[in-house]
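J.: here is my input; please provide its structure:
(2 chains)
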Amino acid sequence: MKKIEAIIQPFKLEEVKEALKAIGIDGMTVIEVRGHGRQKGHREIYRGQEYQVDLLPKVKLELVVPDGRMQEVIRAVVASARTGKIGDGKLFVSEVSEAIRIRNDDRGDTAL
Amino acid sequence: MKPGIRVVFGLLSLCSLATAAASDGDPRFAALESTVKAAQSAGDNAWMLVSSALVLLMTGPGLALFYGGLVRKKNVLGTMMQSFVLMAVVTVLWAVVGYSLAFGEGTPYFGGLGHMFLEGVGSAPSDYAPTVPHQTFMIYQLMFAIITPALICGAFAERMKFSAMLLFMTLWSLVVYFPMAHMVWGKGGLLNAFLGGKVPCFDFAGGTVVHITSGVSALVCALYLGKRRGFPSEPIRPHNLVLSFIGACLLWVGWFGFNAGSALASSSLATSAFVATHFGAAAATLGWIVAEWLRTGKPSVLGAISGSVAGLVAITPASGFVKPFPALVIGFSAGVVCYLMCTSVKRRFGYDDSLDAFGVHGAGGTLGALLTGVFATNAVNDALKDSAGRPLPLGLADGNAAQVLNQAVGVAIAWALAALATLIILKLCDLLVGVRVQPEHEVEGLDLSLHGEEAYNFEA
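T.: All right, here's what the predicted structure looks like:
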């Protein structure tokens, strides 16, 4: 099993969800996060007091998928989340050693 | 007969009746006179009660929202609580001794104790407002006594102990507000232009009494308490400008009660003050955002609402003395001046007047009080008359240049009293209870550390 963590632009979340649904991925966890990579933040001014806001709001999707589906999931996320501009986000893939469904103790791919 | 003709006949017969009655003491004339008086009192009293409610609306929720939105989310309840609790504290203080010290007959500097526990404040009118019950005048003035200390809270936001704040505000009301209100508005007060003062200072609705006293005291508080932890290196951003926006809109509306209500009657002077107030706020909004737009490239919402408040502050002393166009001039200049005070001047000197109580109320109040001396005209307010009954010239606009000096004296007294008394009271509070919260409480936030609550429990 592979865990795919996708950090994307918040306004792209719906498109990414639709794209994943289209290839039959139903389960995911979505977290509102803040961060930045190469994208620099923006300037805010409150009554003359300037602040550089460099941690910007992003959305992180976490998906755990069977090994065999990894590439098509990555393709779907990348294609739907891309605008081509700096700040589109990143994907990270890692190994998952076990998955357990709490309701009935299913293990491995069947638990996904 | 047509209805119109019938009315004219009716009025004619009423007039002849009145003239005839006046000469021979007809009881019907006395009855007519008291009916007319009651009708005027009903109109004036209705407006003054509405105005009283409008001025209370400025503190809660107006100012509470305006300030509450500007602080970080860990301090929003503590900040709103400061405004709200003052509605309670000052009211009790007012009933016991405050009204008497402000409006009782006494020395030129403070009132006597004749109205303690509201003795003699009933349904009969007072000298201050001859067409409404004394009690109406009393409750109307109370609302001013509430909002004035509440304005100071902007300067020490996010770092003052609640207990110290209560003690400070009680003493401040006794030593600064009540005497200043007496000097400017009380019968025989030193600066009272209409009721026997030595230096006639025009302050229609509280430029010196409310805004200079609170604004200057705010600066002293900001300097005495010191900066918030992290100011100005760490970002300390307003947590919810929507709250501030709603608060500012409520302040604008409430201010009609504050200024137009200060006519103390439902009169044409009230209308004139209403118009000047609105014009001042509008022009100041533009003044602030134009200045900001030129300086930073963007007109902000916070700038627009701050500008409107600055204009309302500056037009306050002038509102019952100036025509609509001078009101626009006063407002626009207040927008620009207060913008510079809250940005360049504050940055230059480095004090943490957290929500700009001094930058808006101290600066705007001073500017407004001085410009009142320039633009005040008897074409708007003819209450001052010479022995022959002709209205006296008021400000520079009427050719009375000396009035600008009178205004400056009023400003200087307000500045001096506020600065000196605030410093002494802060020292005293610091010795008795300590004015500043513990560093760990400041980090945790006032809501949790002082009040045991949080404003936003979205997971609940």
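J.: quick check: which ranges of the chain have low pLDDT?
T.: In the absence of a named chain, chain A is used. Judged against pLDDT under 70, chain A has no low-scoring part.
J.: hmm, no, I was thinking of chain B.
T.: B:1-24.
J.: for chain A, what's its nearest residue on it.
T.: Distances between chain B and chain A by CB to the nearest CB are smallest at residue B:343, namely 2.7 Å. For every residue, glycine as well, the C-beta is placed using N, CA and C.
J.: for the residue nearest to that residue when sequence neighbours are not counted, what are phi and psi?
T.: Among residues not flanking residue B:343 along the chain, residue A:48 sits closest, at 2.7 Å (CB to CB, 6 or more residues apart in numbering or on different chains). Main-chain torsions, residue A:48, degrees, to the nearest 10: phi 80, psi -10.
J.: now residue B:377
T.: Phi and psi for residue B:377, reported as degrees, to the nearest 10, are phi -140, psi 140.
J.: now it: how far from residue B:320?
T.: Separation of residue B:377 from residue B:320 (CB to CB, to the nearest Å) stands at 11 Å.
J.: doesn't the residue of chain B closest to chain A belong to a strand?
T.: No. Residue B:343 is assigned helix when assessed by DSSP: H, G, I helix; E, B strand; the rest coil, not a strand.
J.: now do the same contact list for it.
T.: Contacts for residue B:343 (CB atoms under 8 Å, 6 or more residues apart in numbering or on different chains) come out as A:47, A:48, A:49, B:295.
J.: which of those tops the neighbour count?
T.: Within the contacts of residue B:343, most neighbours by other CB atoms under 10 Å in any protein chain shown means residue A:47, with 22 neighbours.
J.: my guess is residue A:48 meets residue B:344, correct?
T.: Yes. With contact defined as CB atoms under 8 Å, residue A:48 reaches residue B:344; the gap is 7.1 Å.
J.: who has more neighbours, residue B:377 and residue B:320?
T.: Each of residue B:377 and residue B:320 has its neighbours counted (other CB under 10 Å); residue B:320 has more, 26 against 20.
J.: tell me the residues of chain A that contact chain B?
T.: Within chain A, the residues that sit near chain B (CB under 8 Å from any CB of the partner chain) are A:44, A:45, A:46, A:47, A:48, A:49, A:51, A:53.
J.: for those residues, which one is nearest residue B:383?
T.: residue A:47 (38.5 Å; CB to CB).
J.: give the contact list for the closest residue to that closest one other than its chain neighbours.
T.: Take residue A:47 and drop its neighbours on the chain: the residue closest to it by CB to CB, 6+ apart is residue B:342, 4.8 Å away. Contacts for residue B:342 (CB under 8 Å, 6+ apart) come out as A:47, A:48, B:306, B:356, B:359, B:360.
J.: any chance of JSON lines for those residues, columns secondary structure and distance to residue A:34?
T.: Compiled in JSON lines, those are given as follows (DSSP: H, G, I helix; E, B strand; the rest coil; distance: CB to CB, whole Å):
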{"residue": "A:47", "secondary structure": "coil", "distance to residue A:34": "24"}
{"residue": "A:48", "secondary structure": "coil", "distance to residue A:34": "25"}
{"residue": "B:306", "secondary structure": "helix", "distance to residue A:34": "28"}
{"residue": "B:356", "secondary structure": "coil", "distance to residue A:34": "28"}
{"residue": "B:359", "secondary structure": "helix", "distance to residue A:34": "31"}
{"residue": "B:360", "secondary structure": "helix", "distance to residue A:34": "32"}
